[in-house]
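**Student:** following is a predicted model, sequence given first.
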Amino acid sequence: MKIFIPFNSNDFNSIFSTLTISPREFYPERGYSFKRATPTILNPFEEYLIAFEKPTFSQRDLDEENGYVINLEVEFPEHKLQPVLLKFDQNIKCFALKETIYLKEDFKLIFRRRQEKLETEAKTLKSIETKFTTLAKNNSTLSDSYDVSFIKNKIEEKDISIEGSFSKIDLKREEVFNKIFGALLGFAVGSKNKLSPEISRIKNLLRELNNLSSLFFNKIGEKDANRTKERLIACIGDIEGYFNERESLEQALIMSSNSEVSTELIMKLKDAKICEHSLFDLLIEGLLSDSYSTSSLPFHLIIEKAKRRINSRYNSKYPDKYVQNISDSISEIISETNLIVDSETTSNNLINEDLLQYNEMNFSVPHDKNSQESEYLKLILIFFTRLRFLTTTDDLFSNRKDIIKGLGKELSAKIVKFKGDNPSPEYYYLLDLLKSFDSLRSSFDPLKTDYVVFQSLAVLFTSGRDLQKYLDGISKINIDSLTTPLAIWGAVYGYASLPKTLTEKVLTKEVDYKELIKLFRISHDNYLKASEPDTVEEQKHEYILYDKKIDAENAIQEKVIEEKSDFFNKILTATKYGKNQGLEDVLVKFEHRQRMFPDSEMNKKFLEKFLNKKENKISGIAKKGIEEIVNQYEQYLQSN
């Protein structure tokens with residue numbers, strides 16, 4: 001059944017960064033993207049979405065917080081709609097929904113006026129999160145072609161009578177699917193940016209060119225500057241060689257002249273001479289002069305001009321001009337090369353067979369992946385999609401030891417050869433990565449394995465403080481395809497974490513985003529079928545790693561239990577701090593953590609470190625008091 005959900009235009013960015021719309025009370029709790037939704041004058045309820053049988057607008061010019069009312073047209077199962085009574089106009093049929101709506105191919109955005117549409121779309125330009133802007137624009141229309149209802153006043157709660165009850169909503173499934181689609185979207189973005197060996201080579205040459213030019217600028221005027229100059233010119237020559245394989249200078253001149261230069265004309269210029277110099281060579285000299293605009297030159301001549309500037313005589317009295325000329329030429333080479341590379345990487349369309357898929361509670365990896373690495377990738381992605389507490393980089397880095405341990409257990413349980421009697425190299429790789437977290441001197445080498453999935457994990461846990469640093473780390477170890485690194489990032493932080501600047505190559509071409517939305521719809525349907533709360537499949541994926549929200553709830557519950565464990569009796573009664581409520585609360589957290597991670601090293605240093613954490617500071621207990629508690633804990637361990 002078609003329904004129309006009014007929402008505030010201030011939520012446009014929120015909806016089209018995640019392709020979802022939820023009741024307002026969901027946003028602070030659902031664990032991804034925007035934490036707040038804007039009220040609308042057509043829905044007074046925090047806990048429900050209100051939908052109408054036809055497009056419905058307010059007669060007021062503005063919605064709440066200076067927004068506009070927009071209607072979202074979607075298909076929704078009629079049996080799941082709860083009819084409600086609009087008391088002041090019973091001719092207007094409306095419904096209540098208490099769940100998140102996922103937008104798929106067939107939705108429509110209905111604007112009341114053209115100006116409101118233009119203003120709303122203009123605001124999206126400032127948001128790096130609004131990935132699906134192109135999809136929203138293509139699915140937008142004006143209310144002229146609809147039979148529309150208008151409501152004069154703001155709807156209050158007393159104006160709507162809601163009968164019946166709603167089943168309890170479990171936001172866990174939303175959090176998990178956010179991460180599943182993050183993996184799918186990340187892999188698709190990586191697939192779109194997948195580079196051929198030739199393009200990878202030229203990308204590496206550009207990186208080398210940038211590094212050598214910086215080194216050369218630092219050495220100008222020194223004795224060994226010539227050696228760096230030779231390396232710089234050789235690198236430019238390698239870049240030129242790549243393009244010479246594709247077209248000659250003569251072909252480039254013809255292509256860039258808008259048909260004004262022909263092969264016949266070039267031959268005549270080469271044959272004609274002035275003072276022993278061919279007119280063709282004199283033409284090239286003129287084009288290379290500083291008085292001629294570089295922007296209109298063929299790429300071959302931009303490179304030739306750069307080489308001449310580097311080889312020009314250095315005057316120590318005017319070093320700035322020499323450096324500036326070379327810097328401009330290097331920038332032009334890098335800019336022009338990137339334009340050519342980008343045009344080649346965006347020319348291919350997304351193909352379903354090349355994308356990561358999700359079905360039956362598992363991922364399937366495209367055919368071109370190594371089978372053993374595919375198995376690791378699938379298990380690692382599933383592992384991260386189930387870590388619901390993991391939503392920020394702070395969560396990752398503060399818990400990275402426990403996450404690595406949990407991942408190791410999961411891989412050991414699912415892949416016999418991972419640990420077994422003769423542990424695999426990947427097992428020792430994770431073990432070395434874990435040990436490196438405590439080392440202040442040595443850094444971990446991600447290239448100790450050939451598997452990109454483990455290399456990506458190493459970068460994630462060592463330098464992935466944000467997405468750009470993560471991608472920089474991936475680039476440094478020369479991983480050519482971003483499919484695996486971005487799939488892992490999406491599985492860890494969800495698809496809302498992948499910004500528009502990264503996903504725009506996938507989500508601007510209609511053929512690409514339609515393929516992606518189709519994948520999104522199929523995966524969501526498959527997930528809902530397989531993830532009913534009581535199914536065995538769902539239980540299989542409940543990992544040992546604790547959820548911070550559940551941890552906090554359990555701590556509160558345990559505080560009210562009258563019978564304290566032996567752990568509490570021994571420590572609390574043996575010190576003068578037995579009645580300190582703050583100490584009791586912290587020890588509850590500590591004991592609960594030890595139960596969740598039984599393999600953690602249990603000694604007095606561990607407790608001391610735990611008590612000295614900023615978030616565990618206890619009022620009324622000084623440093624000596626902590627030492628007394630820690631020593632009592634050591635005696636407790638020895639006696640048990």
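**Tutor:** It's in.
**Student:** residue 387 belongs to a helix, doesn't it?
**Tutor:** No: following the definition DSSP: H, G, I helix; E, B strand; the rest coil, residue 387 is coil and is not counted among the residues of a helix.
**Student:** residue closest to the middle of this structure?
**Tutor:** Of all residues in the chain, the one closest to the mean position by C-alpha atoms, centre = their mean is residue 498, 2.8 Å from it.
**Student:** contacting residues for that one?
**Tutor:** Under the criterion of C-beta atoms under 8 Å, 6 or more residues apart in numbering, the neighbours of residue 498 are 131, 182, 185, 186, 189, 467, 486, 489, 490. To be clear about C-beta, it is placed using only N, CA and C from the backbone, and glycine gets the same treatment.
**Student:** least trustworthy position among these, going by pLDDT?
**Tutor:** Taken together, those show their lowest pLDDT at residue 131, with 84.
**Student:** what's the burial count for that residue?
**Tutor:** For residue 131, the count of nearby residues is 29 (other C-beta atoms under 10 Å).
**Student:** name the element it belongs to?
**Tutor:** If you go by DSSP states H and E, residue 131 is not part of any helix or strand.
**Student:** quick one: it and residue 373, what's the gap?
**Tutor:** Between residue 131 and residue 373 the distance, using C-beta to C-beta, to the nearest Å, works out to 28 Å.
**Student:** same thing with residue 608?
**Tutor:** For residue 608, the distance to residue 373 equals 42 Å [C-beta to C-beta].
**Student:** next one: residue 113
**Tutor:** With the distance defined as C-beta to C-beta, residue 113 ends up 54 Å from residue 373.
**Student:** and what about residue 478, helix, strand or coil?
**Tutor:** coil.
**Student:** the closest residue to it other than its chain neighbours: neighbouring residues, count only.
**Tutor:** Among residues not flanking residue 478 along the chain, residue 204 sits closest, at 6.7 Å (C-beta to C-beta, 6 or more residues apart in numbering). The burial count assigned to residue 204 is 14, neighbours taken as other C-beta under 10 Å.
**Student:** list the contacts of the helix or strand containing residue 204.
**Tutor:** For residue 204, the enclosing helix or strand under DSSP H and E is helix 197-219. Counting by C-beta under 8 Å, 6+ apart, the neighbours of helix 197-219 from elsewhere in the structure are 195, 225, 228-229, 231-232, 235-236, 238-239, 242, 310, 323, 326-327, 330, 333-334, 337-338, 341, 344-345, 475, 478, 480.
**Student:** just those residues: which are in helices?
**Tutor:** If you go by DSSP state H, these have 225, 228-229, 231-232, 235-236, 238-239, 242, 310, 323, 326-327, 330, 333-334, 337-338, 341, 344-345, 475 in helices.
**Student:** please report phi then psi for the closest residue to residue 444 other than its chain neighbours.
**Tutor:** Excluding its sequence neighbours, the residue lying closest to residue 444 (C-beta to C-beta, 6+ apart) is residue 436, at 4.0 Å. In terms of degrees, to the nearest 10, the main-chain angles of residue 436 are phi -70, psi -20.
**Student:** pull out the buried residues from the ones in helices among the contacts of helix 197-219.
**Tutor:** Neighbour-count burial (16 or more other C-beta atoms under 10 Å) is assigned, among those, to 225, 228-229, 232, 235-236, 239, 242, 310, 326, 330, 333-334, 337, 341.
**Student:** ok, so of these, who is nearest residue 31?
**Tutor:** Comparing these against residue 31 with C-beta to C-beta picks out residue 341 as the nearest, at 37.1 Å.
**Student:** about what we covered before: against residue 464, how distant is the residue nearest to the centre of the chain?
**Tutor:** Summarising the geometry, the distance separating residue 498 from residue 464, computed by C-beta to C-beta, is 14 Å.
**Student:** give me the common contacts of those two.
**Tutor:** With the criterion set as C-beta under 8 Å, 6+ apart, the overlap between the contacts of residue 498 and residue 464 is residue 489.
**Student:** what helix or strand is residue 377 on?
**Tutor:** Take DSSP H and E as the rule and residue 377 turns out to sit in helix 371-385.
**Student:** which one of the buried ones among the ones in helices among the contacts of helix 197-219 sits closest to residue 176?
**Tutor:** Distances from these to residue 176 were compared by C-beta to C-beta; the smallest belongs to residue 341, at 36.5 Å.
**Student:** can you mark which positions in whichever strand or helix holds residue 628 are buried?
**Tutor:** When secondary structure is defined using DSSP H and E, the element that contains residue 628 is helix 623-639. Within helix 623-639, the residues scored as buried using 16+ other C-beta under 10 Å are 625, 626, 628, 629, 630, 632, 633, 636.
**Student:** save those as JSON lines, and put in distance to residue 250 too.
**Tutor:** Below are the buried residues of helix 623-639 laid out as JSON lines (distance: C-beta to C-beta, whole Å):
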{"residue": "625", "distance to residue 250": "85"}
{"residue": "626", "distance to residue 250": "80"}
{"residue": "628", "distance to residue 250": "87"}
{"residue": "629", "distance to residue 250": "83"}
{"residue": "630", "distance to residue 250": "81"}
{"residue": "632", "distance to residue 250": "87"}
{"residue": "633", "distance to residue 250": "82"}
{"residue": "636", "distance to residue 250": "86"}
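**Student:** number of residues surrounding residue 56?
**Tutor:** By other C-beta under 10 Å, the burial measure for residue 56, its neighbour count, is 25.
**Student:** got the contact list for the host helix or strand of residue 300?
**Tutor:** For residue 300, the enclosing helix or strand under DSSP H and E is helix 299-311. Under the contact criterion C-beta under 8 Å, 6+ apart, helix 299-311 has outside partners 216, 229, 232-233, 236-237, 239-240, 243-244, 249, 252, 284, 287-288, 294, 297, 325-326, 329-330, 332-333, 336-337, 340.
**Student:** repeat for stretch 314-334
**Tutor:** For stretch 314-334, the surrounding residues in contact (C-beta under 8 Å, 6+ apart) are 206, 209-210, 213, 216-217, 220-221, 236, 239, 290, 294, 302-303, 305-306, 309-310, 312.
**Student:** mark which of those are buried, thanks.
**Tutor:** With neighbours counted using 16+ other C-beta under 10 Å, the contacts of stretch 314-334 contain these buried positions: 206, 209, 213, 216-217, 236, 239, 294, 302-303, 305-306, 309-310.
**Student:** of those, the lowest pLDDT goes to which?
**Tutor:** Least confident of the buried ones among the contacts of stretch 314-334 in the model: residue 294, at 56.
**Student:** picking that back up, neighbour count for residue 113 and residue 373, which is higher?
**Tutor:** Set residue 113 next to residue 373 and count neighbours by other C-beta under 10 Å: residue 373 wins out with 18 against 14.
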